[in-house]
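[1] Below: sequence and its predicted model.
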Amino acid sequence: MNDQVIQLCQTMLQSSGLSVVREQISGKVDEILSMPTFKEGCDREFIIRKLEELFTVWTDEAQVLSNDDNHTPWLAGKKGGIEWSFWNRYKLHLSKSLPPAAVDSIDEVTGKVLEQLEDPVSKGPWDRRGLVMGNVQSGKTANYTGLICKAADAGYKVIIVLAGLHNNLRSQTQIRLDEGFLGYRASARKGDGGFEITGVGYLDKSLKADSVTNRHNKGDFNKAVANQFAISPGGASASICCEEECIGPEQSSFLDQGKG
């Protein structure tokens, strides 16, 4: 019963679009608890404390140092025409476990990073490189998962994640991307030929993205396996989660298949 009241209050407080203070929280809790359904079995102070934990969050503004030589800003002009399907699904997924301020911060930071990338439909060769830094336990995985979602929405077709030097770290990263981007467990298919749903897949399983790697310890890139799945990097967005030391000729030749 407490959880239901918390969810109702959270939805109502978020919809106000304003900064939330304790007085607003307690007022909204009292409003909900006055309803016959919630008059008994609810702990008012516990609910208020939990809502304060959700809404009392501060994150410092991200700082950007960039060189825009040979780079034309593109995102602002195209933002309204992009269907942010992957991002909106992931944003909803985040909102179930993070306070609104944290989700808004991820939205802002990933937007800034995406703007620094090149327009994926730009003609001719181009090269944009950058480094994003964050403190330990500051939400780096959530941020780059959000960036991957936005990049796929914006038109990037191949996304390669360099996930460290060890199989267990690569596997952990794959699992997080399964939950936040793919929406299914990248592993052996089920008996009906499909994949087991996970994470964002429970919110919307209609969004399709391929993965040529899987969550098992030995699930790194393998061209023969990738070809068996009939995955074309020139088609749907592909998430490739590879060990840092394993990017080589096999991957390059596989990616070349999607050109033209």
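    Cool, got the structure. None of the values given here were measured: they were computed from a predicted structure.

[2] does the residue nearest to Gly219 when sequence neighbours are not counted sit in a helix, a strand or a coil?
    Excluding its sequence neighbours, the residue lying closest to Gly219 (C-beta to C-beta, 6 or more residues apart in numbering) is Thr213, at 5.4 Å. C-beta here means a position set from N, CA and C on the backbone, and glycine is covered the same way. Judged by DSSP: H, G, I helix; E, B strand; the rest coil, the three-state class of Thr213 is coil.

[3] Give me the pLDDT for Thr213.
    As predicted, Thr213 sits at a pLDDT of 85.

[4] Now the phi/psi pair for it, please.
    Dihedral pair for Thr213: phi -130, psi 170, per degrees, to the nearest 10.

[5] residue contacts, the closest residue to Leu54 other than its chain neighbours?
    Spatial nearest neighbour of Leu54, excluding adjacent residues (C-beta to C-beta, 6+ apart): Pro99 at 4.4 Å. Contacts here follow C-beta atoms under 8 Å, 6 or more residues apart in numbering; on that basis Pro99 touches Glu53, Leu54, Phe55, Thr56, Val57.

[6] measure Pro99 to Thr56 for me?
    8 Å (C-beta to C-beta, to the nearest Å).

[7] averaged over its residues, what pLDDT does stretch 170-179 have?
    Rounded mean pLDDT across stretch 170-179 is 92.

[8] can you give me how far it is from the chain middle?
    In terms of C-alpha atoms, centre = their mean, to the nearest Å, the centre of stretch 170-179 is found 12 Å from the chain centre.

[9] Contacts for that stretch, please.
    Counting by C-beta under 8 Å, 6+ apart, 93, 141, 145, 148, 161, 163-164, 184-186, 198-200, 211, 213-217, 219-220, 239, 241-243 sit against stretch 170-179.

[10] could you dump that stretch to PDB, C-alpha only?
    Extracted in PDB, the C-alpha atoms of stretch 170-179 (Å, rounded to 0.1, in the frame of the first residue of the first chain):
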ATOM      1  CA  ARG A 170      32.700  -7.500 -21.200                       C
ATOM      2  CA  SER A 171      29.900  -9.800 -20.100                       C
ATOM      3  CA  GLN A 172      28.700  -7.400 -17.400                       C
ATOM      4  CA  THR A 173      28.600  -4.500 -19.900                       C
ATOM      5  CA  GLN A 174      26.700  -6.700 -22.300                       C
ATOM      6  CA  ILE A 175      24.100  -7.500 -19.600                       C
ATOM      7  CA  ARG A 176      23.600  -3.800 -18.900                       C
ATOM      8  CA  LEU A 177      23.100  -3.000 -22.600                       C
ATOM      9  CA  ASP A 178      20.700  -5.900 -22.900                       C
ATOM     10  CA  GLU A 179      18.600  -4.300 -20.200                       C
END
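
[11] circling back to that earlier point, quick check, the residue nearest to Gly219 in contact with Asn167.
    No - using C-beta atoms under 8 Å, Thr213 makes no contact with Asn167, being 11.1 Å away.

[12] list the residues that contact both of those two?
    Common contacts of Thr213 and Asn167, defined by C-beta under 8 Å, 6+ apart, comprise Asp220.

[13] ok, the two, which is more surrounded?
    For Thr213 and Asn167, the more surrounded residue by other C-beta atoms under 10 Å is Thr213, and the numbers stand at 27 against 15.

[14] about what we covered before: ok, the contacts of Pro99 vs Gln137, which is closest?
    Checking these against Gln137 with C-beta to C-beta, the nearest one is Val57 at 14.1 Å.
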